[in-house]
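# Sequence below, structure please.
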Amino acid sequence: CLVNRTVRSSLIELKLGRGIVDLFILDLYGEIILFFPES
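Below you'll find the model as predicted:
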């Protein structure tokens, strides 16, 4: 389930034309948001 969340975020980032590094950071950032939604 968690993977699906990160994958969706990655696809969105790809559409924005971001770099692979940004895409990797987005995956980590996405997981952090899931743990800290209030943030």
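# low-scoring pLDDT stretches of this structure, where are they?
1-3, 16-18, 37-39 (pLDDT under 70).
# At which residues are the helices of the chain located?
Defined through DSSP state H, the helices belonging to the chain, from first to last, are 2-16, 20-35.
# Dump these to a markdown table, plus mean neighbour count.
Yep, even glycine has a C-beta here, placed from its N, CA and C like the rest. Shown next, in a markdown table, are the helices of the chain (neighbours: other C-beta atoms under 10 Å):
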| stretch | mean neighbour count |
| --- | --- |
| helix 2-16 | 13 |
| helix 20-35 | 13 |
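# What's the separation between the residue nearest to residue 34 when sequence neighbours are not counted and residue 35?
What sits nearest to residue 34 in space, not counting adjacent residues and going by C-beta to C-beta, 6 or more residues apart in numbering, is residue 5, at 6.3 Å. Counting by C-beta to C-beta, to the nearest Å, the gap from residue 5 to residue 35 is 11 Å.
# next one: residue 24
For residue 24, the distance to residue 35 under the criterion C-beta to C-beta works out to 18 Å.
# How about residue 26?
15 Å.
# One more: residue 29?
Computed as C-beta to C-beta, the residue 29 to residue 35 distance reads 11 Å.
# and if you look at residue 25?
With distances taken as C-beta to C-beta, residue 25 is found 16 Å from residue 35.
# for residue 7, same thing?
Between residue 7 and residue 35 the distance is 17 Å, computed by C-beta to C-beta.
# cool, residue 10 as well?
Summarising the geometry, the distance separating residue 10 from residue 35, computed by C-beta to C-beta, is 18 Å.
# One more: residue 19?
In this view, residue 19 and residue 35 are 25 Å apart by C-beta to C-beta.
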